[in-house]
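Asks: turn this into a structure:
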Amino acid sequence: MKELRQVRDAVIAALRKGGLAAEAAFPDKWAAERKTPLASVFVETAEDRTLGFCGYLGERVDGDGGVREIYGKRLRGVITIEIRSERATDCEEGGEQAAATLLEGLPEGVCPGELSWEALTWERGTGLFLRRGRLKCEALFLAEAGDEGPAFLDFILKGVLQNEQSA
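Replies: Presented below is the predicted three-dimensional model:
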């Protein structure tokens, strides 16, 4: 589902902007020279809900006087963040940094809810400390009817510029 990828990528971008290294998945090989915590981000669960009547929110008039219908949908879900580091204190600090970003630094289309963290653990398989958090959230998406009629353009996460999606 394209919308799930948009939410995941928006969270990764926000964590990076907040100064934390973040990826979509934990890399197979942990770089030995990495001395900073790394956050792995994925959407754990998601539930789709339409907004308005069958998703219809209204109309928008563009600069040329053309009218486009606007549709929306809401995605409720849980985003999982896994912070790994060689040192326990770095892992804890990474968790604090991630928590601040998740509660205050996400794009306007991602509305944070409850954030919970598991206890710090040692992962034998990776040889790293792990701190796992889960953020319940809602993501709001908007789409416009195309110029050619009822065909939709893609739903885009509210508050995220289209050129950010292609990057």
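Asks: centroid-wise, who is the farthest residue in this structure?
Replies: Most distant from the centre of the chain: G65, at 34.3 Å, with distances by C-alpha atoms, centre = their mean.
Asks: what about that residue, which SS state?
Replies: Following DSSP: H, G, I helix; E, B strand; the rest coil, we place G65 in the coil state.
Asks: so what does it have for phi and psi?
Replies: Torsion angles at G65 (phi, psi; degrees, to the nearest 10) stand at phi 90, psi 0.
Asks: show me where this structure has its strands.
Replies: 21-23, 38-50, 56-61, 67-85, 110-117, 121-123, 128-144, 156-157 (DSSP state E).
Asks: need these in JSON lines (columns: distance to K2, mean pLDDT and mean neighbour count).
Replies: The C-beta positions use only the backbone N, C-alpha and C, and glycine is treated the same way. Shown next, in JSON lines, are the strands of the chain (distance: least, C-beta to C-beta, whole Å; pLDDT from 0 to 100; neighbours: other C-beta atoms under 10 Å):
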{"stretch": "strand 21-23", "distance to K2": "19", "mean pLDDT": "90", "mean neighbour count": "17"}
{"stretch": "strand 38-50", "distance to K2": "12", "mean pLDDT": "83", "mean neighbour count": "16"}
{"stretch": "strand 56-61", "distance to K2": "19", "mean pLDDT": "76", "mean neighbour count": "12"}
{"stretch": "strand 67-85", "distance to K2": "11", "mean pLDDT": "87", "mean neighbour count": "20"}
{"stretch": "strand 110-117", "distance to K2": "15", "mean pLDDT": "94", "mean neighbour count": "15"}
{"stretch": "strand 121-123", "distance to K2": "31", "mean pLDDT": "94", "mean neighbour count": "12"}
{"stretch": "strand 128-144", "distance to K2": "10", "mean pLDDT": "90", "mean neighbour count": "20"}
{"stretch": "strand 156-157", "distance to K2": "10", "mean pLDDT": "74", "mean neighbour count": "21"}
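Asks: that concludes my questions; thank you for your assistance.
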